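Asks: I would like the atomic coordinates for the input below:
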Amino acid sequence: MNYFSIKKKLKLLLILLCSFVVTIISAQQNKKGLREQKKAFDIDSCINQFDLSKAESTKTGYLYWFVDKGFIDGRTLKMSVVKPHQATHAPHAHAEDEFFFVLDGTAAFHLNGETKTGGAYTSFYCPPNSIHGISNAGNTELKYLVIKKYAQTEKQNDTLLGIDEAISPKDPYNMIVAKDGSGDFLSIQDAVNAAKAFPYQRVLITIKNGVYNEKVHIYSWNTHISLIGESKEHTIITFDDYFDKINLGRNSTFHTSTVLVEGNDFIAKNLTIENTSGPVGQAVALSVNANRSYFENCAFLGFQDTLYTAGEGFEQYFKNCYIEGSTDFIFGEATALFESCDIHSKSNSYITAASTPKNQEFGYVFKNCTLTAGENVTDVYLGRPWRLYAQTVFMDCDMGSHINPEGWYNWSKKEAETTTFYAEYNCSGEGYKPKSRVAWSHQLKKTEPEKYTIETIFKSKNDTEKWYQK
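Replies: Numbering: from 1, shown residues only. Predicted coordinates for the structure are as follows:
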């Protein structure tokens with residue numbers, strides 16, 4: 001082989017190698033630049049007439065939402081995609097709406113019959129009553145967002161989130177939800193959706209004070225999640241679904257939850273969960289269908305079926321919580337311990353409706369709780385059996401005068417009088433009348449309370465099993 005031929009080939013190889021290295025470096029720089037650009041475009045490239053620095057002083061909450069194609073409900077934060085050489089209609093908007101397109105790529109943009117073109121992160125203002133659509137003139141996928149303008153009271157306090165903040169948090173194990181736009185997310189569900197599936201460490205979602213009008217679903221793969229509110233009084237998750245509104249047949253109750261927890265090892269502290277539908281039938285505030293679930297300093301507000309404790313064999317712990325409702329407002333099959341809780345009845349009805357499985361050792365245990373009632377509420381039963389093997393025990397509880405002297409009701413099931421286990425021990429207050437209780441209920445003997453320690457109830461033999469020590 002010719003010397004000069006070898007030299008030429010080596011030179012060509014060297015050029016190709018250098019070119020490859022430059023390409024890799026350039027790609028990394030572009031990726032970094034793209035992230036920086038995503039963070040920066042929110043004001044400079046979109047709506048520079050609004051002052052983002054005043055966002056934290058906003059009294060009315062955030063005034064802009066990123067929305068997905070076809071949705072304007074403010075809860076979908078994903079980008080939309082237009083395939084190469086295809087077109088799409090943008091999200092439909094009301095006649096009075098104003099909004100902005102933000103394009104990630106090169107595209108032809110149609111507005112009121114006029115064709116415009118734009119490059120990466122070009123934004124277009126769309127006035128009310130505009131006709132709009134996007135066609136992709138390029139050879140690669142085009143991504144786009146729509147930023148929809150909502151009603152406002154103080155223009156200088158408008159807030160806007162950048163794409164990077166809206167889609168992915170800085171730390172997926174430590175996220176902040178804030179209505180004023182100062183956190184990683186504006187809604188609790190968006191933070192849950194951003195959490196890793198089956199994480200190896202706990203995911204902390206801190207929720208700042210505010211009223212969060214949304215349904216929240218902690219999925220089964222969202223294990224080890226903590227929702228920590230700023231305060232029980234002012235961190236409020238609220239919704240208003242109820243049986244007839246859901247209208248999905250005989251089991252519609254189970255679709256009404258404001259918050260549904262299905263991920264094991266869940267923790268919630270310092271927040272309120274409410275169902276505001278009122279006295280309209282079954283309307284759940286919190287459903288817990290998860291094992292080793294812990295709630296501390298929380299309030300659960302509603303009427304019928306406020307709190308559903310689900311899951312055969314599942315263990316759930318409620319500490320220093322406030323629970324209110326009308327009928328069967330604590331119900332379900334889980335083993336649940338309520339310690340130092342306030343249990344408030346809003347009508348003459350029943351507090352508990354346990355459905356303890358036949359072979360489950362414990363159902364509901366209330367320890368050191370206070371039972372209160374609203375004005376004109378004078379006839380409340382401690383419980384009735386949703387299923388035949390219901391177990392409910394009240395220990396060292398203060399019972400108000402609203403508790404019916406008989407204490408327990410068989411729900412017109414004579415058989416339940418021999419299959420249920422309803423008991424009390426060392427309670428106090430005007431409503432505690434052990435001698436007047438139904439004959440088929442129990443007053444525990446002095447040696448029996450030893451069975452109802454937290455370690456025994458939750459079958460924790462050593463410190464590693466004491467999941468309730470949070």
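
Asks: For the chain, which segments count as helices?
Replies: Assigned by DSSP state H, the helices in the chain fall at 3-41, 163-167, 188-194, 243-246, 416-419, 454-457.

Asks: and those, which one's lowest on average pLDDT?
Replies: Lowest mean pLDDT within these: helix 163-167, a mean of 39.

Asks: Poorly predicted segments of the stretch 151-300 of the chain, please.
Replies: For the stretch 151-300 of the chain, the stretches flagged by pLDDT under 70 are 151-168.

Asks: close enough to count as contact, residue 404 and residue 379?
Replies: Yes. Counting by CB atoms under 8 Å, residue 379 is a contact partner of residue 404 at 5.4 Å. From N, CA and C alone the C-beta is placed, and that goes for glycine too.

Asks: between these two, what contacts are shared?
Replies: With contacts defined as CB atoms under 8 Å, 6 or more residues apart in numbering, no residue is shared by residue 404 and residue 379.

Asks: more neighbours, the two?
Replies: Shown here are residue 404 and residue 379; by other CB atoms under 10 Å, residue 404 has more neighbours (19 against 13).

Asks: From residue 414, how far out is that one?
Replies: 19 Å (CB to CB, to the nearest Å).

Asks: likewise residue 453?
Replies: 34 Å.

Asks: Equivalent analysis for residue 233, please.
Replies: Distance from residue 233 to residue 414, counting by CB to CB: 45 Å.

Asks: Which of the two has more residues huddled nearby?
Replies: A direct count of neighbours by other CB under 10 Å for residue 233 and residue 414 places residue 233 higher, at 12 against 8.

Asks: so who does the more buried one touch?
Replies: residue 272.

Asks: Can you report phi and psi for it?
Replies: For residue 233, the backbone dihedrals (degrees, to the nearest 10) come out as phi -70, psi -30.

Asks: Next, count neighbours for residue 210.
Replies: Residue neighbour count, defined by other CB under 10 Å, stands at 19 for residue 210.

Asks: pretty sure it contacts residue 181?
Replies: No. In terms of CB under 8 Å, residue 210 does not count as a neighbour of residue 181; the distance is 10.9 Å.

Asks: what number of residues lie near residue 462?
Replies: 7.

Asks: try residue 425
Replies: With other CB under 10 Å as criterion, residue 425 counts 19.

Asks: quick one: the closest residue to it other than its chain neighbours and residue 420, what's the gap?
Replies: In space, and not counting its chain neighbours, residue 425 is closest to residue 444: 3.9 Å by CB to CB, 6 or more residues apart in numbering. Residue 444 sits 15 Å away from residue 420, going by CB to CB.

Asks: Among the two, which residue is more densely surrounded?
Replies: Using other CB under 10 Å as the criterion, residue 444 and residue 420 rank with residue 420 on top: 27 against 17.

Asks: Report the contact partners of the residue nearest to residue 425.
Replies: Per CB under 8 Å, 6+ apart, neighbours of residue 444: 393, 395, 423, 424, 425.

Asks: Hmm, residue 207 is touching residue 227, no?
Replies: Yes. Contact criterion CB under 8 Å: residue 207 and residue 227 qualify, at 6.2 Å.

Asks: shared neighbours of these two, which are they?
Replies: Common neighbours of residue 207 and residue 227, counting by CB under 8 Å, 6+ apart, are 188, 271.

Asks: So residue 338 is in contact with residue 371, correct?
Replies: No. Contact criterion CB under 8 Å: residue 338 and residue 371 do not qualify, at 10.8 Å.

Asks: Need the overlap of contacts for the two.
Replies: By CB under 8 Å, 6+ apart, no residue touches both residue 338 and residue 371.

Asks: Which parts of the stretch 301-450 of the chain are strands?
Replies: All strands of the stretch 301-450 of the chain, identified by DSSP state E, counting those that start in this stretch, fall at 307-309, 315-319, 322-325, 330-332, 335-339, 342-345, 350-354, 364-367, 370-373, 381-383, 391-395, 398-399, 421-425, 442-443.

Asks: The second one vs strand 335-339, what angle?
Replies: Looking back up the chat, that one is strand 315-319. For strand 315-319 against strand 335-339, the angle between stretch directions is 10 degrees (axes from the mean of the first three to the mean of the last three CA atoms, to 10 degrees).

Asks: what about residue 449, distance to residue 457?
Replies: Distance of residue 449 to residue 457, given as CB to CB: 12 Å.

Asks: Could you check which of those two has the larger neighbour count?
Replies: Taking neighbours as other CB under 10 Å, residue 449 and residue 457 compare with residue 457 leading, 20 against 15.

Asks: list the contacts for that one?
Replies: 315, 335, 337, 362, 365.

Asks: Does the third one touch residue 455 like I think?
Replies: No. With contact taken as CB under 8 Å, residue 337 and residue 455 are classed as non-touching, separated by 11.0 Å.

Asks: Show me which of the two is the more surrounded one.
Replies: Comparing residue 337 with residue 455 by other CB under 10 Å, the one with more neighbours is residue 337, at 20 against 12.

Asks: Tell me the bridge partners for the more buried one.
Replies: residue 317, residue 365 (DSSP bridges).

Asks: Read off the pLDDT value for it.
Replies: pLDDT, residue 337: 98.

Asks: Surely residue 227 and residue 208 touch.
Replies: No. The pair residue 227 and residue 208 fails to qualify as a contact (CB under 8 Å) at a distance of 12.0 Å.

Asks: For these two, indicate the residue with more neighbours.
Replies: More neighbours surround residue 227 than the other of residue 227 and residue 208, with 28 against 17 (other CB under 10 Å).
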